[in-house]
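# Got a predicted structure here, sequence first:
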Amino acid sequence: MHARSALFDVYGDHPVAHGHAAAVADLVRLLAPLGIAAPAVRTAISRMVSRGWLAPADVEGSRGYTATPQAVSRLEAAAARIYQRQPRSWDGSWQLVFLAPYADRSIRAAVLRDLSFLGYAELADRVWVSPFARAELEATLRRVGATATTAVAEGFDPVDAPVRARDLDTLGAAYTDWMLRATDRVECDLNSHNDPDEAAYAARFRLVHEWRKFLFADPGLPADLLPRDWPGHRASAFFQVEGERLRPAASAFVARTLQTA
């Protein structure tokens with residue numbers, strides 16, 4: 001687990017109740033049960049500051065960092081997808097995004113990463129498609145230095161072209177494999193800490209961390225565009241049940257850790 005992505009998980013899942021801010025010492029303590037050492041945490045913080053995700057802040061008299069507006073927007077959108085219990089209704093239309101030529105390869109790489117995260121798929125070179133208009137699109141393009149024109153399509157010929165832009169077979173297999181591994185991972189974490197609250201915190205943290213990775217791969221297609229026995233539905237149900245089962249003890253560990261600090 002990389003320290004930078006773990007920090008996103010901390011800000012996305014815990015300091016929301018504290019104004020998206022946390023003291024450095026708190027962040028170190030919260031990542032220690034995951035085996036992430038203090039120097040790695042501080043290096044990750046520095047990199048997130050340089051990329052505009054965190055900003056220095058005073059947190060109850062201690063040196064800390066707060067999530068920037070762009071980070072809060074990203075975290076809230078991610079949380080809505082991570083904990084979404086009911087599929088979104090779909091009107092049958094598609095949003096198309098036509099990107100202007102990239103100024104350099106770094107912008108193209110950022111577009112590939114960030115539009116995939118938002119739920120778009122590349123239909124053709126510099127043409128992306130999504131069954132839903134994503135609220136973060138404009139801010140994301142501005143942040144990475146890209147420009148685009150959007151349009152709405154009522155249908156495609158062939159009709160399944162936007163779906164075939166995604167490798168659903170590979171994604172479905174990844175969901176099945178994740179669910180098998182997650183079961184073992186949760187039990188391993190629960191048995192690897194003497195403190196039951198810390199054990200639940202570590203188990204739930206890894207569960208959310210691994211599940212969050214699907215945001216880069218799964219565009220969240222409407223149910224009527226997916227195979228009938230879609231593995232993602234079973235995996236989502238497992239995640240929701242396990243996450244809620246572990247939440248009370250994990251939250252107790254976080255509260256106790258911050259109070260001790």
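Ah, there it is.

# how close does residue 30 get to residue 189?
Distance of residue 30 to residue 189, given as CB to CB, to the nearest Å: 15 Å. Placement of C-beta: from N, CA and C, glycine included.

# ok, the two, which is more surrounded?
Taking neighbours as other CB atoms under 10 Å, residue 30 and residue 189 compare with residue 30 leading, 25 against 22.

# Show me which residues of the strand or helix carrying the more buried one are buried.
Using DSSP states H and E, residue 30 falls within helix 24-31. Within helix 24-31, the residues scored as buried using 16 or more other CB atoms under 10 Å are 24, 26-31.

# From the centre of the protein, give me the residue that's furthest out.
residue 157 (32.4 Å; CA atoms, centre = their mean).

# And that one, which helix or strand is it part of?
Using DSSP H and E, residue 157 falls within no helix or strand.

# tell me the pLDDT at it?
Predicted confidence (pLDDT) for residue 157: 81.

# any idea how far the helix or strand harbouring residue 76 is from the chain center?
Assigned by DSSP H and E, residue 76 belongs to helix 69-82. Between the centre of helix 69-82 and the centre of its chain there are 8 Å (CA atoms, centre = their mean, to the nearest Å).

# Stretch 102-111 too?
The answer for stretch 102-111 is 21 Å, by CA atoms, centre = their mean.

# Equivalent analysis for stretch 187-202, please.
23 Å.

# What residues sit buried inside that stretch?
By neighbour count with 16+ other CB under 10 Å, stretch 187-202 contains the buried residues 189-190, 193, 197-202.

# what does stretch 96-106 give?
96-97, 99, 102.

# end to end, how far does it reach?
22 Å (CA to CA, to the nearest Å).

# Helices along the stretch 151-261 of the chain, start to end?
Assigned by DSSP state H, counting those that start in this stretch, the helices in the stretch 151-261 of the chain fall at 161-164, 168-190, 196-212, 231-260.

# Could you list every helix and strand that the helix holding residue 76 packs against?
With contacts taken as 3 or more CB pairs under 8 Å, 6 or more residues apart in numbering; DSSP states H and E, helix 69-82 sits against helix 3-13, helix 137-144, helix 196-212.

# Who are the packing partners of the shortest one?
Meaning helix 137-144. helix 69-82, helix 105-118, strand 148-153.

# got these as TSV, with distance to residue 8 and mean pLDDT columns?
Formatted as TSV, those follow (distance: least, CB to CB, whole Å; pLDDT from 0 to 100):
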stretch	distance to residue 8	mean pLDDT
helix 69-82	7	82
helix 105-118	11	89
strand 148-153	25	94
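
# Would you mind telling me which of the ones you listed is nearest residue 233?
helix 69-82 (14.6 Å; CB to CB).

# List the contacts of whichever helix or strand comes after that closest one.
Going down the chain from helix 69-82, the next helix or strand is strand 94-99, by DSSP H and E. For strand 94-99, contacts defined as CB atoms under 8 Å, 6 or more residues apart in numbering pick out 111, 115, 120, 123, 126-134, 137, 146-154, 156, 162.
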